[in-house]
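> could you look at this predicted model? Sequence included:
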Amino acid sequence: MDVKSMHFLRNARKALADPTLRQALRRTEAKFVQGRAEALRELDDPAAVRAHATAIRDEVLARLDAWLEHFEAQATARGATVHWAEDAADVQRIVIDIARRHGVRKAVKSKSMVSEEVALNEALEAAGIQVVESDLGEYILQLAHEPPSHIVAPVLHKTRDEIADLFAAHHHQPRQTDIAGLTRQARDVLRPHFLSADMGITGANFLIAETGSVLIVTNEGNGRLATTLPRVHVAITGIEKVVPTLEDAATLLRLLPRSATGQSITNYVSLLTGVRGVHERDGPEHFHIILLDNGRSRLAGTALAPILRCIRCGACMNHCPVYQSVGGHAYGWVYPGPMGAILTPAYAGLERASPLPDASTLCGRCAQVCPVDIPLPDLLRALRRAEHQALLRPRRERLLLWLWRGLACHPRLYHGLAALGVRLLAALAGRRGRLSRLPGAGAWTAGRDLPAPAGRTFHELYHRGRRP
Amino acid sequence: MSARQRILARLRAVRSPGNGPAITARIAAHPRGPAPAAGGDRVGRFRERAQRLASTVAQVARRDEVPAEVSRYLAEAGLLPRLVCWPELRDLDWAGAGAHALFRPAGPSDPVGVTGAFAGIAETGSLMVISGVTTHATTSLLPETHIAVLPASAIVDTMEDAFDRLRREARAWPRAVNVISGPSRTADIEQTVTLGAHGPYRVHIIIVEQA
């Protein structure tokens, strides 16, 4: 997928002017925020589960090389083939090779953000392999030729009327707007694809080192179909997804669906190990697991390393005031919201994603709700520092920061100018007590008034108050 | 150098000092994390949680009462008693309950699949179903109605308990372990929950008190 993150400001403005999108975002927020809070209450001590989950992720990441090697050995011993990919091009080449070797003409896909990261559909189609997305949301997006706007609810930006139009145009059936009817229609259209596909492509929520298994969570059952019916199963995932044991997976599963959609568990948790046994009547004959790096190993040992704990629940975006205002497409790549504002610069390069670390109020809600305690605002601040050092911010902003730093290093000058400033602003505001226009800050005051300062600085009031 | 060697080399270069317990020792110990308090009526908790996730649950005293319960459930749902069952259910008197049962993997046009279950998980009201030569994965997946026969003795508190039992009892590790929690569903369109996406529309669990 092309990175369009440098156009964040333009895309955000467009999103803010879209009333349908705003309505969809409000609906999603209400559902996901409340759902998560209620579901977490079912755990007697959610903080303890979170601390344990965080420790599991940290333990693996501290020695990721050894855990990956153990996973590879176990998976191989049970009949899977493990491939390693440095980048998107590697994954594309590996999947196309597998497809050619097994005479694959059609692949059916379960939802996978990593496959979006490596633009797999386009590559397979260019190689003459038909790809059918089977997650309802991803299927709708494939028909609409649009990228997902949320990592869990990819099509939240579309209304049922838009989907009804899309289905009527593609399915050659009478238009209907009933959600159950639309879902039934997609099921009926997609079922023959599951039955005729030669390859199933999925992601992996976790890789279990103990058993060499791929674990996927789904609600629709498409993940099960894609890993039960086709001859070949290809699972593509990031190298950071390893957990040691089945118990560790069970701990993380207490948090992942609750944080994502407010479910106590997803409908299906599928643990897939090896290939169809002798005399078995279902399951793939070939199982390929592709481990993608694409920038992940370069984060290990850096200030951004905690983002590798991420289990892709989407809670950070569901609780982010910026995401809730502009939606996922404005972020311009695969991963939106706070985690996306870190992953996009980390994987695609800071220079291609420069405004994203600034698309945050640093209010800290994302860090509060993260099930693996990633200090997202700290990581955003680290990226802002890197942006500044790489001269990626506008000259005017850098000049202002330089001036402010100069002032902050000279307290007497700072206090003097501050005292002057608050008096000036108070005088400008007059008896109204608010400023509706401010030279040099027109963008800020375009949307709201600035409450005028009291006319004395905090320091002045503090010192006066302390006098006997 | 291969991609594998390059990736592993980069990770090794930044590996944290201190090795911690050896990987094999850590796996052998497989410590558990905190789980919600169990205790009390495990079967009752399983029933309540399963129903909350839109499964229906019935309870029979003995295994030979299962065919009659299946017929009753299907009649009530307005469905024909044409079944595809796991071979382990072959000994039951299906004809006597007015049902037509076949013992083969389910195909795309079979309306009702009847399976056993390796375990029930009380914490979430889930079934754990494992694939194998006679426990076909398609039977709980392709038909629009899935009926599962679950011995009360197979209901455990947590997923960890079920995995532990699997470690002890599995002769060979199964290709697919599926934890099933109610009928398939989607909320992709306007975040409105709709039952019956790509998997079954209905999941009916029959708990057998005496195994």
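Okay, I see it.

> low-confidence regions, chain B specifically.
Residue ranges of chain B with pLDDT under 70: B:16-21, B:211.

> residues near residue A:291, how many?
27 (other C-beta atoms under 10 Å in any protein chain shown). Placement of C-beta: from N, CA and C, glycine included.

> average pLDDT across the helix or strand harbouring it?
Using DSSP states H and E, residue A:291 sits in strand A:286-292. For strand A:286-292, the mean per-residue pLDDT is 98.

> now the end-to-end length of stretch A:294-302.
Chord length of stretch A:294-302, first to last residue, is 16 Å (C-alpha to C-alpha, to the nearest Å).

> may I see the buried residues of that stretch?
For stretch A:294-302, a neighbour-count test (16 or more other C-beta atoms under 10 Å in any protein chain shown) marks A:294-297, A:299-301 as buried.

> now do stretch A:38-45
Across stretch A:38-45, burial judged by 16+ other C-beta under 10 Å covers A:39-40, A:43.

> before we move on, what about stretch A:369-376?
Buried residues in stretch A:369-376, counted by 16+ other C-beta under 10 Å: A:369-374, A:376.

> restricted to helices, list these.
A:369, A:376 (DSSP state H).

> max pairwise distance over the buried residues of stretch A:369-376: which two?
The two members of the buried residues of stretch A:369-376 with the most space between them (C-beta to C-beta) are A:371 and A:376, at 12.2 Å.

> what's the neighbour count on residue 175?
You didn't pick a chain, so chain A it is. By other C-beta under 10 Å, neighbour count at residue A:175 equals 13.

> to clarify, I was referring to chain B.
Residue B:175 has 26 nearby residues by other C-beta under 10 Å.

> ok, residue B:124 next?
Neighbours of residue B:124 using other C-beta under 10 Å come to 26.

> quick one: contacts for it?
A:264-265, B:49, B:53, B:159, B:181 (C-beta atoms under 8 Å, 6 or more residues apart in numbering or on different chains).

> which one of the residues you listed is nearest to residue A:436?
If you rank the contacts of residue B:124 by distance to residue A:436 using C-beta to C-beta, residue A:264 comes first, at 49.2 Å.

> show the pLDDT at the closest one.
Looking at residue A:264, the pLDDT reads 97.

> quick check, it in a strand?
No - under DSSP: H, G, I helix; E, B strand; the rest coil, residue A:264 falls outside any strand and is assigned coil.

> residues contacting it?
Taking C-beta under 8 Å, 6+ apart as the definition, contacts of residue A:264 comprise A:39, A:42, A:257-258, B:49, B:53, B:124.

> which other helices and strands contact the next helix or strand after the strand holding residue A:291?
As assigned by DSSP H and E, the chain's next helix or strand after strand A:286-292 is helix A:296-299. Using 3 or more C-beta pairs under 8 Å, 6 or more residues apart in numbering or on different chains; DSSP states H and E, the elements in contact with helix A:296-299 are helix A:337-348, helix B:3-13.

> buried sites along the last one?
Which is helix B:3-13. By 16+ other C-beta under 10 Å, the buried positions in helix B:3-13 come out as B:3-4, B:7-8, B:10-11.

> possible to save these as TSV with distance to residue B:75?
Listed next are those as TSV, based on distance: C-beta to C-beta, whole Å:
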residue	distance to residue B:75
B:3	59
B:4	58
B:7	58
B:8	60
B:10	63
B:11	60
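
> could you pick out which of those residues are near chain A?
B:3-4, B:7-8, B:10-11 (C-beta under 8 Å from any C-beta of the partner chain).

> chain center to stretch B:146-161: distance?
8 Å (C-alpha atoms, centre = their mean, to the nearest Å).

> oh sorry, the question was meant for stretch A:39-50
Computed by C-alpha atoms, centre = their mean, the chain-centroid distance of stretch A:39-50 equals 23 Å.

> kindly report the same for stretch A:240-250.
Using C-alpha atoms, centre = their mean, the offset of stretch A:240-250 from its chain centre is 20 Å.

> that stretch: which residues count as buried?
Buried residues in stretch A:240-250 (16+ other C-beta under 10 Å): A:240-250.

> equivalent analysis for stretch A:142-149, please.
Residues A:142-143, A:147-149 are the ones in stretch A:142-149 that count as buried (16+ other C-beta under 10 Å).

> what does stretch B:201-211 give?
Result for stretch B:201-211 [16+ other C-beta under 10 Å]: buried residues B:201-208.

> please narrow those residues to those residing in strands.
Among the buried residues of stretch B:201-211, the members found in strands (DSSP state E) are B:202-208.

> now the two most distant members of these.
B:202 and B:208 (19.4 Å).

> what mean pLDDT does the host helix or strand of residue A:256 have?
Assigned by DSSP H and E, residue A:256 belongs to helix A:246-261. Mean per-residue pLDDT for helix A:246-261: 98.

> and for the helix or strand following that helix, what's in contact with it?
Helices and strands here follow DSSP H and E; after helix A:246-261, the next one along the chain is strand A:268-272. Contact with strand A:268-272 is made by A:208, A:211, A:213-219, A:221, A:223-224, A:227, A:233, A:235, A:246, A:249, A:253, A:287, B:126, B:175-181, B:184, B:199, as judged by C-beta under 8 Å, 6+ apart.
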